[in-house]
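**Student:** The following comprises the amino acid sequence and a computationally predicted model.
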Amino acid sequence: MLLIAISFIYIFSICTAIGVGFYKLFKIETYKSVEVAFIGLFSISLLASIWAFWGRIHWEFHLFLILTSCISILFNKDKVVLTLKHLRYTFKQLSPFLKALLISTAVLILMQCASAPYVIDNESYYIQTIAVLNDYGFIKGLANLHFFLAQTSGWHITQSALNLNFVFKNFNDLSGFCLLLTVLWSFDKLNFYFKNRVDIWDLIFGLFPLANLFFFQFIGTPSQDIPIYCLTFICISIFQKSFRLPKADGFIVLCALVLFCIFIKPTSFLLIGFPIVLFINHYKTLSTKVIKVLPIALLTLLIFIGKNSIISGYPLFPLLYLDVINENWKLPIALAEYYIDLTKAYGFLLLPDDYTNLTTLERLYQWLTLGKLRGIFNCIAVIFICITPFFIRKTTIKKTATLIFVLYVLQLIVLFFTSPLYRFYFNLLYILLCLVVASVLYKRLTVLKCLLTICILISGLPLIINTPINFLANNSFSTNLSHFNITEIVMPHSNSKFEDDFKTYKKGNLNFNHPLEIDFFWGTGNVPFPAVNYEQLNYFEQNFKVIPQLRTTELKDGFYSKTISND
């Protein structure tokens, strides 16, 4: 806990310095500490991505990052001080009740981050993705080794830039830092509502911590979902203010944060609807500001295309359009299509062949009747399509609420035909849920305070007592929540919940490490790179007649898929 707390302070300092530099570069005058920190994270993600095209994101990059931060502070000292004063003011003006909740939440976040990680994707590709970035940067054809690694996210790039792996190996908690920032931002909104009781948006945004129990299951790993949930609320806050009173500052920050969301998780692309609608409605005011946004958008797009082209050979992966690369490191089309089919079917808990044989209506029925947590979320998702218009008609925020609702419906439709996992649509569903709660309880402040207190306290229960959740999921991995250990007060748990025992095998010219403690088919854990499950390689060898091979004698030169004979 203690080491993670120190790392959070350090990350905030770096992000603030870099974020202030971004603001100064684009002549943004409103310095709000949380927004500046998130812009700093986005800037670091872009810088680290550019660096990764040529080398590893290791101490050399961090030295560059520190020097860049120092230069920013040197030339923008007054703005850095202004941002830090805003942070101090934000905390000081909170009511004693909200200060107590914030401190309690911060302690619980640190406890969760210090305990064993919980998300299963952490064991299949988060750890390995970040390790590869730290040791090599972007590797050609990395997807040929394990095609989950083709999902290298902007959030994992940011984590690799800020995990200080050359000093300590167990920092893997950027999502926890992100959640803590957003809870502070949320309580600031709620505090304003408690004092003035004027703008229902302040209450909606202030209800963000109600889902802490859900959020906490992701923050011990660099899950891409947490920043999307957090940034969705912040982006909508900026949008609704700018919609009423358009300003160039808000428009530029909104565009940058939406681009960050898309870079983190392409399934969040519909968030681009907010800056587009803002621009259309205030064209005369904002038309001259687009020229400032275009370079950021173009740079982000070029990095996204370049990253995917190197790692998988498909510029828009997981989309297979713009298939123009013909290098030997390109993931074979059969494997790429299998990945897509597997992803689609997984959202319905089906095998690809079974998914293909169902009609659209049969898939919808399957999706709604999955049972346990998935089925619950899916049914709620559909119910909210039916009930949300009723609540929107009764509010004074019809325009923005209607836009959120329309984007939510579009998001559900797109995801239904691609990957309808509840984690992917929860960001817009949750803000609609907060809208409904706010419209029902907006005058009942005592009830609101009790509800917030209960939700925050409950989020800490799984950390200290055995909490059975078998009724929520079938997977034993998903029901085995992590508990906080007293030994983790100073030193956090390692990045994996499994031991890193492994056995080395060889196929062709590739020596790879098979994890001994993980029976998960896609699992690799914290085993030294290159890590892949032996059974997984055998499966692709038998069914697709390919095996991953080194392109040269050096790992940094990447991988290709070698076709083998039927003999």
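**Tutor:** Looks like it came in fine.

**Student:** Show the model's pLDDT score for the spatially most central residue of the chain.
**Tutor:** Nearest to the mean C-alpha position of the chain, by C-alpha atoms, centre = their mean, lies Q224 at 1.8 Å. Q224 carries a pLDDT value of 95.

**Student:** ok, it to S175 distance?
**Tutor:** According to C-beta to C-beta, to the nearest Å, Q224 and S175 sit 8 Å apart. (Glycine included, C-beta is placed from N, CA and C.)

**Student:** Which per-residue confidence value corresponds to D323?
**Tutor:** D323 is assigned 84 on the pLDDT scale.

**Student:** Just read off the phi/psi values of the residue nearest to the centre of the chain.
**Tutor:** phi -70, psi -20 (degrees, to the nearest 10).

**Student:** Surely it is in contact with W155?
**Tutor:** Yes: with contact defined as C-beta atoms under 8 Å, Q224 counts as touching W155 (4.6 Å).

**Student:** Now for these two: what residues contact both?
**Tutor:** Listed as contacting both Q224 and W155 by C-beta atoms under 8 Å, 6 or more residues apart in numbering are I264, K265.

**Student:** Which neighbours do Q224 and S175 have in common?
**Tutor:** In contact with both Q224 and S175: W155, using C-beta under 8 Å, 6+ apart.

**Student:** one step back: state the distance from the residue nearest to the centre of the chain to C386.
**Tutor:** Taking C-beta to C-beta, one finds Q224 at 29 Å from C386.

**Student:** quick one, helices of the stretch 201-350 of the chain?
**Tutor:** 212-216, 225-244, 248-264, 273-281, 283-286, 290-311, 333-346 (DSSP state H, counting those that start in this stretch).

**Student:** P295: how many residues sit nearby?
**Tutor:** 10 (other C-beta atoms under 10 Å).

**Student:** before we move on, what about N513?
**Tutor:** Neighbours around N513, by other C-beta under 10 Å: 20.

**Student:** Can you verify it is assigned to a strand?
**Tutor:** Yes: assessed by DSSP: H, G, I helix; E, B strand; the rest coil, N513 belongs to a strand.

**Student:** and the residue nearest to the centre of the chain, what is it in contact with?
**Tutor:** So Q224 contacts S153, W155, H156, I264, K265 (C-beta under 8 Å, 6+ apart).

**Student:** Can I get the residues you listed in CSV including neighbour count?
**Tutor:** Formatted as CSV, these follow (neighbours: other C-beta atoms under 10 Å):
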residue, neighbour count
S153, 21
W155, 28
H156, 26
I264, 24
K265, 23
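
**Student:** Max pairwise distance over the residues you listed: which two?
**Tutor:** H156 and K265 (10.9 Å; C-beta to C-beta).

**Student:** Okay, domains of this structure per the record?
**Tutor:** With domains defined by automatic domain parsing, the chain comprises 2-310, 502-563.

**Student:** could you redo those as TSV and give each row distance to R423?
**Tutor:** What follows is the domains of the chain, written out as TSV (distance: least, C-beta to C-beta, whole Å):
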stretch	distance to R423
domain 2-310	5
domain 502-563	17
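
**Student:** For these, state which one has the densest average packing.
**Tutor:** Ranked by mean neighbour count under mean count of other C-beta atoms under 10 Å, the domains of the chain are led by domain 2-310, which reaches a mean of 21.

**Student:** Show the end-to-end separation of that domain, please.
**Tutor:** 38 Å (C-alpha to C-alpha, to the nearest Å).

**Student:** Stretch 512-532: how far from the chain's middle?
**Tutor:** Relative to the centre of its chain, stretch 512-532 is centred 23 Å away, using C-alpha atoms, centre = their mean, to the nearest Å.

**Student:** how many other residues sit next to T343?
**Tutor:** 15.

**Student:** residues contacting it?
**Tutor:** Per C-beta under 8 Å, 6+ apart, neighbours of T343: P318, T418, S419.

**Student:** Could you look up the SS state of Y560?
**Tutor:** Under three-state DSSP, Y560 comes out as strand.

**Student:** And F97, by the same measure?
**Tutor:** Per three-state DSSP, F97 ends up helix.

**Student:** Can I get stretch 496-503 in CSV, CA atoms only?
**Tutor:** Taking Å, rounded to 0.1, in the frame of the first residue of the first chain, the C-alpha atoms of stretch 496-503 are listed here in CSV:
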residue,chain,number,x,y,z
SER,A,496,0.1,-12.1,-11.1
LYS,A,497,-2.0,-14.1,-8.7
PHE,A,498,-0.1,-17.2,-9.8
GLU,A,499,3.4,-18.4,-9.2
ASP,A,500,5.8,-17.8,-12.1
ASP,A,501,7.1,-21.4,-12.3
PHE,A,502,7.6,-22.5,-15.9
LYS,A,503,9.1,-25.1,-18.2
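
**Student:** Now that stretch: buried residues?
**Tutor:** Across stretch 496-503, burial judged by 16 or more other C-beta atoms under 10 Å covers S496, K497, F498, D500, F502.

**Student:** so the second one sits in a helix?
**Tutor:** No: under the criterion used here (three-state DSSP), K497 is coil, not part of a helix.

**Student:** how close does it get to A116?
**Tutor:** Separation of K497 from A116 (C-beta to C-beta): 4 Å.

**Student:** next one: Y321
**Tutor:** In terms of C-beta to C-beta, Y321 sits 40 Å off from A116.
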